[in-house]
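# Requesting a structural model of the entry that follows:
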Amino acid sequence: MFSSNYSGVRVLLTGDTGFKGAWLAFWLRKLGAEVYGLALPPADDATLFVRARLQEKIHHIDGDISDLATVEKALAAVRPRIIFHLAAQALVRESYHTPVETMMTNVMGTAHLCDALRRYDAPCAMVVVTSDKCYENHEWVYGYRENDAMGGGDPYSASKGAAELVTASWRHSFFPVAKLPVHQKIIASARAGNVIGPGDWAKDRIVPDAIRALLANESVLVRNPGAVRPWQHVLEPLSGYLWLGAKLLGNNATDFAEGWNFGPLPGNVCTVRELVEGLLQTWGTGSWKMAGEVNPPKEAHLLRLVIDKAVAQLNWLPVWSFPETVRHTVEGYRSIKEYWDDAEAVRDVIEKQIMAYENSAKAMNLAWACSK
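Sure, this is the predicted structure:
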């Protein structure tokens, strides 16, 4: 299990107040890591960070990665052995309203972290998390591989492609793997598919929007029912990030200082309609209807990831099927709402899902779940 890699290790996690960041903070803490978070304050009191009172379990620093001085100060104070960079403006539709702010956070924030690491005077590994939307989208029927071109037809996607280019440029310019014994810094990037799971309440995301509608006994509004996405439970990419981070901390770290896709198996790549109908069936009631938007912002219709590289070179595989992903998501949301004001119970919901996921991975004999 990962605990042999992270027990007692000091970790800086940017974006710990966000959805994926909060889940990763819980998992790292379970593994025995000393977790320090750096992020803006929670967006609202519905976030998992607030509901589970995560600030009581990790060391949190309020700060904006768009400010270089803040990033440098955090690095100096925490002195991490590894960094997981998840802080981001994470919504496609929001990027149309705040394009410059999106670029500042996602591109310059990544550059600030890379450059602060350049001046950091101790060995350190970093996993920079971007998105499956970093690729130039051609609406291909086949998935994108790690050597496909970066791009983006909307501000969010462009910012993620640019973050990948920033990461690669610092790696080649300042942290070349051939000189690792000299600079002692190593960076990899991770690109995940569309992540779902309990505790995400962001607007303009199909699962949180659907759960809000179901809780209010309203029809779920669907914008693009035919859009295809690589859906996966939040723990799937997080297992990839953690395993990649463990490799960067290991003896053959230079083999892994690259970009990596973490997505579902082909059976989990399905339409928005299939996802929504799966949610409704699992919820046990409800209906959906077209949103009927006028002149909506453009969003990609078809998006797939190829994970052959992670399977072959990291021995990583997704664990839960699409029905299992939907079931754990719905059950988790229901439990969190039931225990809304009981932080201890909310933490228990998260920890039980992590344990269930670990046990499923052990049953599959996956390398990260069975490692010593």
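# just for this protein, where's the confidence low?
Counting by pLDDT under 70, the chain has low-confidence residues at 1, 294, 371-372.
# quick one, strands of it?
With DSSP state E as the criterion, the chain has strands at 10-14, 34-39, 59-62, 82-85, 124-129, 185-192, 194-196, 220-222, 228-233, 259-262, 269-271, 288-290.
# same for the first one, what does it pack against?
Contact here means 3 or more Cβ pairs under 8 Å, 6 or more residues apart in numbering; DSSP states H and E; on that basis strand 10-14 packs against helix 19-30, strand 34-39, helix 68-78, strand 82-85. Every residue, glycine included, has its C-beta placed from N, CA and C.
# Tell me what angle it forms with strand 34-39.
Strand 10-14 runs at 20 degrees relative to strand 34-39, counting by axes from the mean of the first three to the mean of the last three Cα atoms, to 10 degrees.
# Compute the inter-axis angle for strand 10-14 and helix 68-78.
Calculated by the same axes, to 10 degrees, strand 10-14 forms an angle of 160 degrees with helix 68-78.
# and strand 10-14 with helix 19-30, angle?
Using the same axes, to 10 degrees: strand 10-14 against helix 19-30 is 170 degrees.
# Paired strands for strand 10-14, with orientation please.
strand 34-39 (parallel), strand 82-85 (parallel) (DSSP bridges).
# what does the shortest one rub up against?
With contact meaning Cβ atoms under 8 Å, 6 or more residues apart in numbering, strand 82-85 is reached by 9, 11-15, 24, 28, 110, 113, 117, 124-129, 241, 245, 248-249.
# again with the longest one
Contacts with strand 34-39, where a contact means Cβ under 8 Å, 6+ apart, come from 8-18, 21, 25, 28-29, 54, 58-63, 65, 70-71, 74, 78, 80, 87.
# Among the strands of the chain, which comes closest to Asp341?
Among the strands of the chain, the nearest to Asp341 by Cβ to Cβ is strand 59-62 (20.6 Å).
# And the closest one, what's buried?
59-61 (16 or more other Cβ atoms under 10 Å).
# State the distance from the closest residue to Pro296 other than its chain neighbours to Ala213.
Leaving aside its sequence neighbours, Pro296 sits nearest to Arg223 (Cβ to Cβ, 6 or more residues apart in numbering; 6.4 Å). Here the criterion is Cβ to Cβ, to the nearest Å. By it, Arg223 lies 13 Å from Ala213.
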